[in-house]
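A.B. asks: I would like to see how this sequence folds:
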Amino acid sequence: MLLDDMRYPIDKKRWERYHGPPPDHPCSDPALKDSEKCLRTVRLFKSAVNYGAREQADPSEKPTCLPSEEKRALRSKTEKDTLKVLHCGTGTSSQVPLRNQQRKDGHIADVFVHTGTNKKQGFDINLSMSPYEFNWKHNILSGVRNVINGNLRDLLNYEVYHLYHDAFLLPNRKDIWWLKKYLGKKVLLDWRGQGVRVWGFHTLPWFKDIKQTCATPDLLDYQQYEGQFEWVPIGIEVNKIRESVKSEFHEIPTIIHSPSNRNTKGTVHVLKAIKQLRKDKYKFDFILNEKQPHDVTLRNFGKSDICVGWMDPDFGIYAKIEMENMALGNTVCATIREDFLKDQFKGCPIVNVTPDSLVKNLRWLIEDYDFRKKNVKKNIDYVTRMHDIVPVSRKFYKVYKEC
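C.D. replies: This is a model prediction of the structure:
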């Protein structure tokens, strides 16, 4: 991986072996380990590594294949404008709403996973194979089952392969390149975070001729060369969220924080702010929504008025949690980079805060019910314009043509 100005390079295998910087790494040097660059490098590593992956995987899990009628439709010829799209990935939930919209548009679209990660949802094909999460007996048995149930054959019947950052089968990731070079498939690499920020998968030389997009604008800073990534916003099903969840608004507000990873979401600053506000006798309720099913999480968002989102200046972005709260009309606080607000996030109604200004801004939002009420429409209008799955899917159709 190339050395850049934002962090030192991280060799995934060696860092995992040493549970941090190896002895010969700059971040193991006593003179450098407390530098801003080393501290950020270690924080990024800790945000991505998962030492308990094998313990968390379900050993009884079996491969899943398409129903017979869907297999037949996949193998049959389609009309000229009908796409066959395979969404490959396990670290993002964005693939499900995009697949759903593409099906509504008349295309064949499926979601493929192969690991036991707890983030996978709504998949159609599951190989249940991973050297990092399952033992060799499980993987061999799954391999046999995938031959018998036709999974391996079905995977080659698509025209467009929309690959999210961790959807690689071979360790060297050359299978992605083979799809394009030898099978003539349309291939899109859709980077979603740690694959770029931490592991640097995008620097592999055989990815250079493959179309690449990124889901958050901070990833543009990590490009190996100008124009490597095209930013396409994360998509959510705004109408579906609003129809399925009843929103409640209260004069005495409920504040919610829903971290997917405490290390990167700034949870320590949020809890500190809540403690201070309670000490100051402010009236509010607080929900720490953590490790909950998605339907429970959405219901908790519906009960809330203020969402404290991503609180880390190292990233300066917002993501799906903030979008879902805006879709329900909630006022959102997060740390957003000023250049993103001027360029990519124009008109964004998120209250821009830092860990140092969080308490001050929460005091204001707790007291100003009228502002929160007026902000409801702005939130819904913005997230519908920027992140609703319909305009986002149209952008991806254009991208597919360039693959």
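
A.B. asks: Could you give me the buried positions within whichever strand or helix holds residue 142?
C.D. replies: Following DSSP states H and E, the helix or strand that holds residue 142 is helix 136-148. Residues of helix 136-148 classed as buried by neighbour count (16 or more other CB atoms under 10 Å): 138, 142-143, 145-146. The C-beta positions use only the backbone N, C-alpha and C, and glycine is treated the same way.

A.B. asks: Tell me the first helix or strand C-terminal of it.
C.D. replies: helix 151-154.

A.B. asks: ok, the helix or strand just after that following helix: who's next to it in the sheet?
C.D. replies: Moving toward the C-terminus from helix 151-154, the next helix or strand (DSSP H and E) is strand 160-164. Using DSSP bridges, strand 160-164 pairs in its sheet with strand 84-88 (parallel), strand 186-191 (parallel).

A.B. asks: what's the first one in contact with?
C.D. replies: Which is strand 84-88. 74, 78, 95, 98-99, 102, 107-113, 155, 157-164, 167, 400 (CB atoms under 8 Å, 6 or more residues apart in numbering).

A.B. asks: Out of those, which end up buried?
C.D. replies: Buried among the contacts of strand 84-88 (16+ other CB under 10 Å): 74, 95, 98-99, 102, 107-113, 155, 157-164, 167, 400.

A.B. asks: Just the buried residues of the top helix by length along the chain, please?
C.D. replies: If you go by DSSP state H, the chain has its longest helix at helix 369-387. By 16+ other CB under 10 Å, the buried positions in helix 369-387 come out as 372, 375-376, 379-380, 382-384, 386-387.

A.B. asks: Downstream of it, the next helix or strand is which one?
C.D. replies: helix 389-401.

A.B. asks: separation between the residue of the chain most remote from its centre and residue 253?
C.D. replies: Within the chain, residue 281 marks the point farthest from the mean C-alpha position, 36.6 Å out by CA atoms, centre = their mean. Remark: distance between residue 281 and residue 253 (CB to CB, to the nearest Å) = 15 Å.

A.B. asks: Give me the neighbour count for the closest residue to residue 62 other than its chain neighbours.
C.D. replies: Distances taken as CB to CB, 6 or more residues apart in numbering put residue 128 closest to residue 62, at 6.2 Å, once the chain neighbours are dropped. Look at residue 128: counted by other CB atoms under 10 Å, it has 26 neighbours.

A.B. asks: Quote the end-to-end distance of stretch 303-322.
C.D. replies: 15 Å (CA to CA, to the nearest Å).

A.B. asks: And it, what's buried?
C.D. replies: 303-312, 314-322.

A.B. asks: for stretch 233-247, same thing?
C.D. replies: So, applying 16+ other CB under 10 Å, buried residues of stretch 233-247: 233-238, 241-242, 245, 247.

A.B. asks: and which of those is nearest to residue 392?
C.D. replies: Nearest to residue 392, judged by CB to CB, of the buried residues of stretch 233-247 is residue 235 at 3.3 Å.

A.B. asks: Any regions of the stretch 301-403 of the chain where pLDDT drops low?
C.D. replies: For the stretch 301-403 of the chain, applying pLDDT under 70 flags no range at all.

A.B. asks: what do you get for the chain?
C.D. replies: Looking at the chain by pLDDT under 70, you get 1-4, 90-92, 116-120, 166, 168, 171.

A.B. asks: switch the cut-off to 80
C.D. replies: Scanning the chain for pLDDT under 80 picks out 1-6, 48-57, 89-93, 115-121, 131-132, 165-172, 263.

A.B. asks: Got the domain ranges for it?
C.D. replies: Domain ranges of the chain: 68-235+390-401, 238-387, per automatic domain parsing.

A.B. asks: Show the end-to-end separation of the longest one, please.
C.D. replies: In other words, domain 68-235+390-401. Start-to-end, domain 68-235+390-401 (CA to CA) is 30 Å.

A.B. asks: same thing with stretch 14-33?
C.D. replies: Termini of stretch 14-33 sit 17 Å apart (CA to CA).

A.B. asks: How far does it sit from its chain's centre?
C.D. replies: Relative to its parent chain, stretch 14-33 has a centroid offset of 28 Å by CA atoms, centre = their mean, to the nearest Å.
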